[in-house]
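Engineer: need a structure here:
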Amino acid sequence: MQTRLTLFIIFIFSSLFSGAEGTKQLTNDSTALPNLFIQTGNSSGGAYSCFGIASCDDAQSLFIHISHPGEKIYLGFWDLFQSSVTFTIKHNGVPVYSNTAIFAPGSPGYIQYYAQAVAGPDALNIHGYPAITFSPTELGDYRINFTLPSSNEIFLRLWDITVVDETQTPLVPIPGRIWSKQWCFSVPGPMKSTMYCLTTDSIITSVNFNRMVPMQFDMTCSSNGCFPPPALWDTSNRSRSWNHHYAEYKLFLNDPDSIEYPTGTFGEILGDTVNVTRGCNGTFTFRFRVGKPGKVMLNIETNLLPGIQPEDLTITRSVQTGFVNIITWNGMNGLGVPVPCGDSVAITIKYVNGLTNLALYDVESNGRGFIIELVRPPGPPLATYWNDTLLVNNGGRSQLDGCYANPPDSGCHTWTQALGLGALKTINTWYYAASSLLDLGRFSVACVPHTPQEINGPTTLCNSETTTYTCIPNPHRES
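Structural biologist: Below is the predicted model of the structure:
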């Protein structure tokens, strides 16, 4: 009993002070290890995306960031079905290093046990694995490509890629340097990982998968949902059948290194610059200035019942500093029907920081829901939203008022395997950190006068003579 307790304490102590970046972040359970799924992908809509090989786009590849001379990359792997794995590291598209990790005890680059993957390289922790090392000569992002075996698939059950600063004694590992814009996993059990999303406006959020149950799945985060611009966000944010997402934001296993990826600031709409102009054809024009480049959401409630109704709509636009930003609303409601003249609409506008669409392909079950939190800069809890109504036959629903997770267990956007909502579908969940919300008030929709109906009165009139004409008023004309 004394020996077992001592070994347990040693393992816990060494894992706390390890430098590993890979398997360690993906799970704390050695019986349910997510595999990094390296494969070719397929051009058909129902296939997984290419990941981790030379023929993949940069957006579908794994990168290692190097920021200053003296940093070294330590690598180790174990493939579930192979006896070795070969990889090539490139910088700016040019191969700079290649090696093969042979899966034999003591061989460089071979991670034999889960505990070794958690401990990291043995140069940092005596309980770690013997690493393959590479010393970059230039700064920047290094892409790692794996060479596929005849099966055209690699399942990295154990893996670690750690960046170490060797200019310091003792050696110092630097977390938050491994990223991809798209990750692909094969998971034999519940997904217990937390991953980190870095938006283009430097807002960092965490996504706790909270034991969701996929088999194999793709993951991306973007500003626009299932399709890149110019696809409209209001439709692109809807979940749908087959694999539809694009890789825009960098996704990390740790909170990104704050020196290389500094924290962004919240933007604001300069309230004293907002101007609203009503057109005579039912349209509205909004003019305003902002304090930093980013995005705004213009929310137009055309159905004034409480909550978000199908007739309500949101217009999302990118905005810039240095000039007046202009957004025009065409007078159509969320169903594409003109809002009747004289009807009232309620309008708000808010600056949106870190607008993120989390798109997951082929996740069969998510019974506990995601727990999504703002990491930096600090701010209030995040609401999450979704629109699965294109998948209504599979139990798809919508949440447009916002759902708040209740850590550590209760998350948002749940579904089960029973109705097939997630299988071979792209399920999209979006969220953002809002700031500078302005309530612009209620406005009446204006229209040009229509031709009067049934005018009654004399058809002729002498000079200086007065008379009275009557007509039936247009019921849609603004009073």
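Engineer: residue 47 and residue 227, how far apart?
Structural biologist: Distance of residue 47 to residue 227, given as Cβ to Cβ, to the nearest Å: 17 Å. Bear in mind the C-beta positions are built from the backbone N, C-alpha and C, glycine included.
Engineer: mind listing the helices for the stretch 151-300 of the chain?
Structural biologist: Assigned by DSSP state H, counting those that start in this stretch, the stretch 151-300 of the chain shows helices spanning 233-236.
Engineer: who's in contact with the residue nearest in space to the middle of the chain?
Structural biologist: Per Cα atoms, centre = their mean, the C-alpha nearest to the average position across the chain is that of residue 221, at 2.5 Å. Under the criterion of Cβ atoms under 8 Å, 6 or more residues apart in numbering, the neighbours of residue 221 are 197, 199, 248, 249, 251, 356, 357, 358, 359.
Engineer: how near is the closest residue to residue 289 other than its chain neighbours to residue 428?
Structural biologist: The shortest distance from residue 289 to any non-neighbouring residue, by Cβ to Cβ, 6 or more residues apart in numbering, is to residue 273 (4.1 Å). As for residue 273, its distance to residue 428 is 33 Å (criterion: Cβ to Cβ).
Engineer: quick one: which of these two has more around it?
Structural biologist: Under the neighbour definition other Cβ atoms under 10 Å, residue 273 and residue 428 were set side by side, and residue 428 has more, 26 against 12.
Engineer: any idea of the pLDDT on the more buried one?
Structural biologist: Listed pLDDT for residue 428 reads 98.
Engineer: which strands or helices does the helix or strand where residue 86 lies pack on?
Structural biologist: Using DSSP states H and E, residue 86 sits within strand 84-91. Contact here means 3 or more Cβ pairs under 8 Å, 6 or more residues apart in numbering; DSSP states H and E; on that basis strand 84-91 packs against strand 71-79, strand 94-102, strand 140-147.
Engineer: that strand to strand 94-102, inter-axis angle?
Structural biologist: Per axes from the mean of the first three to the mean of the last three Cα atoms, to 10 degrees, the angle that strand 84-91 makes with strand 94-102 is 160 degrees.
Engineer: hang on, the earlier thing: hang on, the residue nearest to residue 289 packs against residue 288?
Structural biologist: Yes: between residue 273 and residue 288 there is a contact under Cβ atoms under 8 Å: 5.2 Å.
Engineer: list residues touching both of the two?
Structural biologist: Counting by Cβ under 8 Å, 6+ apart, the common neighbours of residue 273 and residue 288 are residue 324.
Engineer: okay, domains of the protein per the record?
Structural biologist: Segmentation of the chain into domains, based on automatic domain parsing, reads 1-163, 269-351+436-444.
Engineer: what average pLDDT does the longest one get?
Structural biologist: Over the span of domain 1-163, the pLDDT mean works out to 88.
Engineer: could you say which of the domains of the chain is packed most deeply?
Structural biologist: Ranked by mean neighbour count, these are led by domain 1-163 with a mean of 18 (mean count of other Cβ atoms under 10 Å).
Engineer: returning to what we had before: now, the contacts of residue 221 that are in strands?
Structural biologist: Among the contacts of residue 221, the residues falling in strands (DSSP state E) are 197, 251, 356, 357, 358, 359.
Engineer: just the buried residues of the residues you listed.
Structural biologist: 197, 251, 356, 357, 358, 359 (16 or more other Cβ atoms under 10 Å).
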